[in-house]
Structure formats: structure tokens, C-alpha cells
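*Asks:* Got a predicted model here, sequence first, then my questions.
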Amino acid sequence: MNSIVFLVVIPLIAAFLSLFLEKLNKLAMYIVTLFNLIFSITVLMSGNIPFNVAIGGWRAPFGINFVVTDITIYFLLLVNIAALISITVVNNIKEYQFYSFYFVLLAATNGMVLTGDMFNFYLFTELSTFAIAGLVAYKRDRLSTGAALKFLILSSTASLFSLASIGLIYKTLGTLNFADIALKLSKLNQASYNLILILFLSSMLVELKIFPFNLWVVKSYEGSITSVNMFTHGMLGTAGIYGAIRILLIVFPNMYSTNISKVLIILSVFTVLIGEVGALKEKNLVKILAFSSMAQMGVFMFGIALGSFESIKGALYIVVSNYLAKLVMFLVTKQYSNAVESKNYIDMKGLGRKYPILAISFTIAALSLMGMPFFAGFWGKFSIVVSALALGKLSTIGIAILLIASVVEGVYYLRISHTFFAEKDVNSVNISRVYSLIPFVLAAIILAIGIYPNFIEQILWNVIDEIKNAPDKYINIILSLK
Amino acid sequence: MIELLLVPLITTLVLAFFIRYKRITWTLFLAANGFVLYKLYSIYGIWNLSYKVDTAYKILGAELTLGVSNNPIGWYFAFFSALITLLISLFSIGFNKNSRSNVSVIWMLIIFSNLGIFFAQDWVTFFMMWELMGWTSFFAITNGKDKALDGAKYYLALSLFGAALMLIAISVLAQYTGTFQIFASAYGLLQIINSSTKLGIGILLLFLTTFLIKSAIFPFYMWPQKVYSEGPEDYITFMSSVMIKYGIYPMAIFIVPVVGSADLPMILNTGNVLQYTIGYLGAISAILGTILAIFQTDMKKLFAYSSVANMGYILLGFSSMTIVGFEGSLFHVVNHMILKAAIFLTLAAVVFRTGESEMHKLGGLVYRMPLTFMTFLLGIIAAAGIPPLNGFGSKWMIIQALMSKRMVVFAIAMIFASTGAFMYLFRALASIFLGQLPDRYKDVKEVPPTMAIPMFIMMVIMLLTGVVPGVVMKPLTSALKAVGYNVEVASWTTLEGSLKNSVIDLKIVFYMFVAGVIISALMYFFGNKSEKVPQNDNYTAGEYPEEWGVDADRFNYSYAFYQPFKEMFEPLLESVSIDGFFASIGRNFEFLSSTIQGLFKRGEGAVLLFSIGVLLLILGGLII
Amino acid sequence: MKDEKSLFINIVALLILSFMAFYIYKVSIDTGSGIKITDSITPKMRVADKYLNKNVLNENSTYKFSQTAEDTSANIVTSVVVDYRLFDTTLEVIVLFVTILGFGFVIPKDKRRVKMPSVILYRWAPILMILMLMIGGYMFINGHLSPGGGFPAGAIISTAVLIGVLAGRKTVNHKTLKVVEAVAGISIFAIGIASFFIKGVFFQNFITGDRIGDLFSGGLIPVFYGLIAFKVAAELSNIYFEFYEEC
Amino acid sequence: MTKVFILSSLSLVFVGLYGVLTRKNIVKILIALNIIETGINMLLVAFGYIEGGLTPILQSDLSIANLDKMVDPVPQALVLTSIVIGLGTTAFALALAMRYKNTHNSISIRATDEEGVNV
């Protein structure tokens, strides 16, 4: 399966071509995204998983390699599906730079998921950062410029930290390959291990929107157009989650024996609290979604930081639920805010009576984020709660705060849903019914997972199994290839 | 028998499809409720309801199975709920003819969740249905009206909070007992209490808080008045009569058996700590609900507090932990369901015709809506606990149980609350239906037949259950027997107390009452006739208060009906205002929210916070 | 008030930094078991060891000077950059591409007045440009033998363009630069795809059998370096044009 | 020598971090970022440095005999990449800063982003 590199190469070539395509850019966008999606589906169907591709013919610890395992392929699908859904809301954009940025972002997020090399991962992260910064600045007004600049400064500082940690890893272990690092990390001195982990983690947490690292989130969501928000959430966010799972759980599994996981628990609890409470008084729907996505990442991180396999499974449920729900919400927000030309949700009063499918999809997404039963988020919340209560005092206090924060979340989300369904005569608003289709399908998936978790349970256990048996399922696959 | 649950669910989808056609939706709604009632009737005595769903979802190392199963006590609750719901839904057909919103879809979903709660076999199913009930109620209460939002938000926050506590309780319980089954975990909990009392009491208190929230017991007694005053009237009828009991049901099947048989520290040789906690909460609710009800000017708020007081009685019955008290409480559940439904239906009828729920703006409606008045009259007689109507028997049983366990304080509280009930009930009667008819309501007519019929049936049921309590007590006792309680199936007309020789035959009481009615009717027909004067003559002495810039309504005799009492109780009420406490929590959250928004608005200190984060990670690695 | 705030921030920053420094110091003097960051690592453990010995493909082969070995260059850094880790380098080119694109996208397009260059600069510019082009060309052609390579070469070539711009001589226009940039970028991947079809592996060096140390050795390395040089030159020149073209 | 390299590069990093944390002027912040980056690059090179090491270029038989003494080529390759990234960041951020100046009428990072408010 050497052709897996096409997932990165084709979008990059498209990025160059987009300088000349002008009006055909939109078509190219669809073609490339569909290519990526169909290609990743064929990889999933081919039955060759897991496999390892050495780029340039240099075997694993020496060259750069792409690895496809169970985790990889599902995240690859998530990223590419998000890309396809997000580009449906792209319209009326003439600047070729937008399309170039998009193609680079597509390549970078695919690459982040595929790569098996630390430095390569760093480069893909940088690439996605620049692409997102360019996309955030797309409107080039006061808000978006400030947001892009501040995001760029923060993320370059963070990337310098991760560069330092990569340097330290090479200095101590003499290798840059994930699998090789994972194999050798146990030989490392504990203090050095902590230093490397802290440096790398702090740069990862910027992308994961964990509290003291996440001051860019709200501004850049607010300042950018909806499609860019969906890119940030669906593509960059998902790839970042993949990075967290791959790097924290497989490369640095000894993290759980250090106190850093405890700090992570505390930070993620704070993130949830800040995200949920921050959204409480907010009127701008996009900012509410930004705060809420922060909170959801906090819940995810909480599950990861707990470290038991059940809590990790819960965190993965949260990922799926948040992924689907936020896509629905952004799509609905886009249509409604276009209709009333305002992002304040109070202005959208009564739209749900005229366009019920959009509003119902939004409500389903909100209920899933709240962790209500019969929606996908519930199973995640349930797993995390059960495993947190078994893991000692700190996690018990943490989960109590998390649950209280989810009460706040419920209040502000259902308030919005109520406003959609409130009695008000809405005229002179026109939304094509076609736009209801995708939110409706996504909401139906949320509902299906919530009612019948068997759909996804097996997939998640495959993923957990790979984390559990990382030496067999990941490290040996890479290092055995001559 | 899974169609019992499936039919409401499918009906919900069908209703959602036809939401714009009122006639179809409400007829379907009625039909579905009829079906549920019929199904429940058909499984009486057989109790064969069992269905399991195996999921691949793994928790605590085992695959989760969700199930509904036969539960006679659940059946008892479900059957009478369904009966009342059917009557309300008949009422709703006429009531909703002209309303803009259609609450039936979400209401059907609530009915589904309710059936799920009553027949849940394991805590996970129970929790799922419980949460479903929380958010669906939110949408049903607001029903598209902004002014209902505040109350609904309050209710939603409380029920989400309660559900969070329950989730913790379920998880801890499952961790220690290894099972999610409700009855198995009750035995497990007893063992936990034996080995570690603190943990056991903690789990019980978490569960208890959840259930207290749904039943509006003392610290959470504020939501009914907020919710009932603004929600759609027919749904509120359902909520106040049926839904408020959903906290009682899990208490009856889980808390009471566990607390009753647990070896907890005793107080005064008559009961254990939790028993007294429940009792005091019930007593406070009963007294506080009564006092607060006395001072309301809005009739829906008045009866909201009356519901709080009645929930208090039920808890008092539980706190006795005797079989008579238990039976009395469960009997009172149904009695209160019936009488509260009757009262709220009449209120809904009044609002339907006049559009007004402030009592001092109403009056004299007896001349225009006699049937409504009759229903209301019987309802308040029942609520006051006067024989031969149905409120009497259950209260009598509860007081008997309390006295037999020498819980005198609770008995006194109960008697105080029952007496106080006369005050507010009479006030409502006098203000709404008696007195003079304001000019603006001259053209008010009696409600149409579809609404009148359920009210009439309510009257019949009230009288029937009052005179022949066996119609409720027989199913109740046989359900308790099926569960394993050592009880005998009750007879049709007599009730047995727990004190010596305390058997009461309600037939005799009924005959005495009929005699009383005949005597007073004779006095009415042969006595002096009353004279009618314009309303304003009575209390403004011919002046026009509008000229002084004052609203005439303020001079209505029913505006400050119990001013002296109010002044007497004001300091007490101020000191126990839970509302202020919750409001301050809300304010603090909003203040915090503004602060956080300010932090994120500028984003200048991003790198500074980043380094602080790094510092935290370092410190955590070194210190913790 | 403002000064107080900045003083506070200064103090906080100093505290944070001193704590971090203390932590790094503490880590560096740590005496626990295992590899420490202060240890000098043994060559055998590094991946670089195999690069130096040129025996990544065949573990036991040892390299002799001026003989056929792994098809990489004499300059090991170049080997790493353009062969062993070629994919990183292409991504790096893309990073530059994205940032320059972003640069052109967000920079405000104001009208600026430009002074006419002096006569000396105007006359001498072509000579300087030719010299710089020659040096740049030498750098990327010899990138696999001596220090240097595509990036410095591109920078030097772009300086030639800069001098042209400063001297007011229109050397290349905007469109040409765009084309050069895109063609160079696409060709890098085109070679990668070609190697996929020839050898079945991406970015594999399919011109083999050279003697290390020769001018024409290292297979595709000089080709890649040339493409990178043109691409970097075009991108950097783009920056200068962004500033000057609007005037 | 290695120690001197590492200490000086670390001090560069800290100086740069101090600048990023305390400066308000965006251009100064970018300069500080560049200083950190230089420090990190130096650090990486210093990690691969060997006392009295040779350049990793295969020039003659002598160099082949002393392969063990060659400095590590990998950090140098990484640094080459990271320099380009730094260049890109700086260019992009400077262009953004110019746009920022246009829209905010200020070059301070504390300028508010609300429309219609000038600082």
C-alpha cells in the first residue's frame, strides 16, 4: 500500500495548481476531497491493515514512514469526512489563497494522522497551523487579523517548545521514529522523561484547547467564517486528538506513573468549567460553540488523563459525539445566521418553526453534547463517570465538577433550542431545504449511536486493543519491516 | 408486552409528522393514552412484562443489558397515571383548539419515559428514562413561550443536577455491588451499610436528593410555583398531578425498603437517622407549602405550593416505616393525583375562558361555570381531607401510622398543614368562584363538552375513591403482596389504621355527609335570597380608584386575603428562602461567565498563560 | 497604572523563567538511573550512525571512498535532508509556500512612492546579478558535495532578483514567478510519483550506481536541490515583489 | 565547548521568552520569537556536536577512517528545516502585523478587537 502517500501528495499538488485554476478551484476542491475520502475508504476495505510504508525506501527508524493501523484509518476517515462536509458551505470565495490553504490543510491533517515520525508530525502540525492562521485571517478585518496574529504567535511559541523536546529526544535516544522512541523511552532517566513530556505536551495542549493554553480558541472561532470553523473543528481538531491518542497513549504510556497525568486531570476539569461557564452569558452563537468545543475537549482530556481503558473508551465516545454534533451545529448556525444576518441567537427566534429539521438537528446535537441518554454523548459520559469514581479522590472530585458543569451546559444549550422554537412570525427568510439534509443525516447518526451503541462499540474496542497491546500492534509492525 | 413502550414511542414520531394538524394529533394522543391504559389494565394480576436489550457496550468489564420488567408497584403508579392522563388528554382536545403551539409530541415522549421509569429493571434504564423526562419537560413547559423560560430553566437546572447526582450514585453502587439491577443493588446497598455506614448513607442521600428534587420536597420546593404559573395549563395539570409523583415511586421501591431494614444509628428508639431526615423534610415541606400557599395571589402558584405540602404528607407517611404508613402514602399518591388533576382542570378551564390566573381579578364565576365550580368544590373538599371525598382516607392512615410510631412532632405538623389547607383552599374558592362577577366576565360561558366530560368523570372518581377506597386499595395491596410485603388485600369500603380498633367504614361517613348536604340545601332554598350589586360598590364606596392612579383590583377583598397571617409569618419565610440561595448561585455563575469572557476577549496574555500552564505541569510533576 | 501592570508582568515573567531555568538545571543534575540529557550518547545508538556508514539498506556493508554505496551524496547532511528525510524537506518547501502565500494574502496593498535608484546601482546591478546567479547555481549544483544546497542557493538567487528590483530593472514579472514556483513544486512531487511508478516507492532515488564524490552523483539529489532552489528563489522574490510591485 | 554552546543557546531562549512575555509591541514580540528560535536551533546543533568533531562530509580516506568523530548530521538537517519554518513564521506574522496596524491603528498586542474602538 505504498500509494497511501497520495493522500498527502495529491492535495499538495492541488495546492500548487490552485494558483492557476481560478474558477475551477471549487471543483478541484470537491475532486481532491472526494479522492481522499474514497481512497481512505478503499484502504479500510482492502483488509491490509495494519501496514507500514517507508517513504523513499528507507526502513523505519532511519527514514520517514507512514503507518496505517486501526486508529489511523478511522481518524483518517473522520478527517476526510469532516473536510467533505465542511466544503459544502464554501461559496462565493474568489481568492485562490483560500483554496490553497484548504488543500495544504487537508494534506497536513491527513499527514498528521498518517505519519510515524516525530519530526514529520511536527512539520505537519506547523503546516496546519499556518494554513489555519491564513484561513482565520480570510476576512482580513479587525477581528480576524487580530485573531490570526495571536494564534500564530501562540502556536509558534508552542511549536518551539515541541522542537526543543524533539531535539532532546534525539539527543537522548538518537531516534525520531514514534515506534523506536516508544521502545527506548523506558531506558530514559525519569527526570529527563518528565522534561521531554512537559515540553511536548504543552505544545500538544494548545491544539487540544486545554485551559491555560487555549486563549486563541474563542477569538479565532469568532473571527473566521463558518467553513473555517468547521475546518478547525473537524480537521485540525480531529487530527490533534489523534496526535494526543498516538503520542500520549502509545509513545508516552509511562505518563500515568508520573504526576503529570494528575495535573492533566486538574487542567481538564478547569477547561470544562471555564468552557461551560464562559458560554453561559454569551449571545454570539459561534462563540458559544467555541466555548463548548473547549469544554468537550476538556472532557476528552479528562478521560484520557484518567488512563483506564474504559475511560479512554468514554473519551473516544466523546470525540465521536463532539465531532458529529459540532459539525451539525456549525451547519445550522451557518444557515440560520445567513438567514437573519446576525450571529446572535436571539435574533434567530422562531426560525425553528419554519425550518424544523435544522432546529431539531441542532437540539439533538446539543443533547448529545450534554450527555443525555439516547444520544451518542451519553455512553461517553457514562464510561468516564464510572471509571473516574473507581480511580480515587482526585478523579472523583473532578467528575463531580464535570457533572455540575454539564448542568450549566444543558441550561445554555436548551435555552438556544427553545429560542429556535419560540413563537414568532418569521417572514422574508429563505433557506433552501437542501441544506437540511446533511445536518439531518449527522443528527440521525448521533441518535443511532445513542440508541444502539453496538455500531461503534466494536470499532472502539479495536482502538483500545491497539492502545493496550501497543508493542504488538504498533511498534513491531514498524520496526520489523526491513 | 413491549408494545406498551413501543406504542407511545411510535405515536411520538407520528405526532411529530402531523404536528401542524391539531385535530389529528390530539385525537391520536388520546387514542395512544387509551391504548396504554388498556394494556396496563390487561396485565393486572399477571404482571407479565419483561423485555431485555443486550448491548455490546462494556462497562465494569461486563456487557450492559438494558431491561424492563414486571414490577407491581410500578404498575400501580403507571395504571393510575395512565388513567388520569387519559382524562387530561380528553380535556386537551378541546383546550388546545385555538392554541398556537402543540405540546402533544413532547408530551407523548414524556409518557414513554414515564412508563420506562415505572418498569425499569436496572438503574441504567431508569436513569436513561429519568434524563429523557428532564429535558422533554423543559420543552413542554416553555412550549415556545419566552415568559415560561425562566421557570423552565430553573426546573431543567435542578433536574440535570439531580440526574448528575443519581449518575454518581448509580456508578458508586455498581462499583461496590457489581450490578445495575435495582432490586439486587438494594440488597447490595444493605451490605454496604453494614460494612461501611458512611458510604452507604452517602449513596442513599445522593439518590434521595435526586428524588426529592423531582418531588419538590423542602430544599427544592420552589420549582412548582415557577413552572406551573407559566406552562401550558393542560400539561401543567399532568405535571402537578402525575409527574410530581415520579420522585415518590423510586423512593417507595428503593429508599423505603433499604432505610426500613438497614441497621442505622437510632434516634429516640423509634426510628433511625435517615427515617427522621425524611420525616423532617416531609414535615417542613408540608408546613412551608401550606404557609406559602396561603399567601399566593396567583391560583396556579397557590396550588403549586399545595402540591408541595401534599408531597410532604407522602414523605411523612414513608418516614413512619410502618406498613400502614407506607400504604397510606401510596394511597395518598393516587388520591392527590385525582384531586389535583380535578383542581387543575378547573383552573385550566377558568384560564381557557377568562385568560386570567390572578385570583383577585376573578370572582363570581359560579354563576357562569357551574360544572367547573362543582368540580373545583369537590376537589378542594378532597384536598382538605374532609370525608367522604378521597383525600381523607389516606391522610387518616398516615396520621395513624405516625401516632403508632410515637412520631408526635410529625403528626402535629401534618395536622397543622391539613388545617392550614382549609385557609388557602377556601381563599381560592371564594376568590375565583364566589363573590361578585366582574363586568368583564359577563359573557363567559361554561366550557365545551369535551372539557366538561373529563371534569365530570373526575368528580365521580373523587367521590368513588372517597366512599369506596377499595378501588385503589385493592390493586395497591395486591401489588404490595405480589412484591412480597406481608399485607392483606383490602376490603371495598373499610380502611384499617395501625392503632387499636381503628377501623373506619366510609359508607357510614358518606351517609352522614349526604344528610348534611340535604340539610344545607334546605337552608339555602328556604333562607333569605342574596342581593346583587356592582362589584366596585362593594369595596371602593362608589369612587373610581383609577382617578387616583391606583388599580381597582388592588382593593378587591381577595388581594391581601390573609394580611395578618402574612405579617406573622413574614420573618420565618424570609429566613428559609431557598429561592435567594439558588438565585445567588445563578448570579455567581453569570459573574464568573463575564469574567471568563473578558479573559478570552482580548487574548493578549496567551503566551503568558501558556507559560503558566507549562509551569503548572512542571510544578505538578515536582510537587503533587 | 499602566506602569504598575507592566511591572507586574515583568516580575511574573521573571519568576516563570527563573523557575523554568531552575527546573532545567534540576533535570540536568539529576542522578537517577537511565539515560540523562547530559549524557553524550554513544554513536551506535543514533540513527545517524547508519547514515554516516551508509549502511541503512544493507546492515553489514562498509563504505569505501569513491566507490558505489548507498545512492546518497558525499555531504551527509545533504543525504539526510534530500534523501533519507526527503519528505521533511518537501514539507518544509510547502511551509515556505504557505507562509509566502499568506504573506501575499494579508499584506495591505497600499500605494507607496519609491525613489529612483542611483545611477551606480542601476549600472552595476546586472553584473552583481550575474555573479549572484553564478554563486547560487554553484551552490545547488554542488550541494551534495560541499556545504550549501537548495535553500541557500534559492536565497542567493532571490537576492539577485532583489538587486534587480532595487535597481529598477524589471527582470521577471509576477506571473513568471508564480509559474516557476508552481512548476518547481509540482515537479518535486512529479518525481516522487515517477519513482512510485518506476520503483513502487515514493521519493525513492531511482538513478543509481554513481560513485560518491563525483559531480554527477547522488542520483536525484542535485535535481531536487535545483528544483528547491528555484522554488525558494521564486518564493522569496515574491516577497520583494509584494512590497514593490504595487508602486 | 558543548557546555558553552548549550548555556548560550539556553540563555538566548530565556531572553527571547522574556521578550515574548513582557513586550506589547508586536514587532518586538516577533523579534523575541526569532531569538528563541535561534536559541533552539543552536541547542539542536549543540546536541549533535562532538568535541573536536569533523564535518560530516565524505571528502577523503581520512574522513572515512574517522566516521565516529563526525558530528551528528541529523540535528543539522533538522535545524535547516526549522530555520525555514522560522522564516515563514516571521514573514507571515509581519504581514499580519502590517494588516493589524491598518485595522487597529496600533501595533500593540493589547489593542482591542472590537470594531469602532481606537486605542
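*Replies:* Yep, that arrived. Numbering: from 1, shown residues only, chains lettered A, B, ... in the order given.

*Asks:* Near chain A, which residues of chain D are found?
*Replies:* Residues of chain D lying near chain A by Cβ under 8 Å from any Cβ of the partner chain: D:13, D:20, D:26, D:29-30, D:33, D:36-37, D:40, D:43-44, D:47-48, D:74-75, D:78, D:81-82, D:85, D:88-89, D:92-93, D:96-97, D:99-100, D:103-104, D:109, D:111, D:113-115. The way it works is simple: take the backbone N, C-alpha and C, and place the C-beta from them, glycine included.

*Asks:* Now, of these, which are buried?
*Replies:* For the residues of chain D next to chain A, a burial check counting by 16 or more other Cβ atoms under 10 Å in any protein chain shown picks out D:13, D:20, D:26, D:29-30, D:33, D:36-37, D:40, D:43-44, D:47-48, D:74-75, D:78, D:81-82, D:85, D:88-89, D:92-93, D:96-97, D:99-100, D:103-104, D:109, D:111, D:113.

*Asks:* hmm, the lowest-mean-pLDDT helix or strand in chain C touching chain A?
*Replies:* Here the helix or strand of chain C ranked lowest by mean pLDDT, DSSP states H and E is helix C:48-53, holding a mean of 83. Yes. Helix C:48-53 comes into contact with chain A (Cβ under 8 Å from any Cβ), by way of C:Ala48, C:Asp49, C:Lys50, C:Tyr51.

*Asks:* Number of residues surrounding the second one?
*Replies:* Each residue near C:Asp49 was counted by other Cβ atoms under 10 Å in any protein chain shown, and the total is 19.

*Asks:* Leaving out the residues flanking it, which one is nearest to it?
*Replies:* Spatial nearest neighbour of C:Asp49, excluding adjacent residues (Cβ to Cβ, 6 or more residues apart in numbering or on different chains): C:Pro43 at 4.9 Å.

*Asks:* from memory that neighbour sits against D:Asp68, does it?
*Replies:* Yes. In this structure C:Pro43 lies within contact range of D:Asp68 using Cβ atoms under 8 Å: 5.5 Å.

*Asks:* Show me which of the two is the more surrounded one.
*Replies:* C:Pro43 (17 against 14).

*Asks:* pLDDT at that one, what is it?
*Replies:* pLDDT, C:Pro43: 71.

*Asks:* Please apply the same query to the one 3 residues further on.
*Replies:* What the model reports for C:Arg46 is a pLDDT of 83.

*Asks:* which parts of the stretch 151-300 of chain A sit against chain D?
*Replies:* A:152-153, A:156-157, A:159-160, A:163-164, A:166-168, A:170-171, A:176, A:219, A:223.

*Asks:* Also within reach of chain B: list those from those.
*Replies:* The overlap between these and the neighbours of chain B (Cβ under 8 Å from any Cβ) comes to A:Ile153, A:Thr157, A:Lys219.

*Asks:* Identify all contacting residues around the least confident helix or strand of chain C.
*Replies:* Identification of contacts with helix C:48-53 by Cβ atoms under 8 Å, 6 or more residues apart in numbering or on different chains yields A:62, A:174, C:43, C:56, C:62-63, C:76, C:79-80, C:84, D:48, D:56, D:67, D:70, D:72-74.

*Asks:* Tell me who's in contact with the residue nearest the centre of chain C.
*Replies:* Of all residues in chain C, the one closest to the mean position by Cα atoms, centre = their mean is C:Phe151, 3.6 Å from it. If you count contacts by Cβ under 8 Å, 6+ apart, C:Phe151 has them with C:Ile228, C:Ala229, C:Val232, D:Leu80, D:Ile83, D:Val84.

*Asks:* ok, and does the helix ranked longest in chain D reach over to chain B?
*Replies:* Scanning chain D for the helix with the most residues, using DSSP state H, yields helix D:73-104. No. Remark: helix D:73-104 sits outside contact range of chain B, by Cβ under 8 Å from any Cβ, the gap being at least 11.8 Å.
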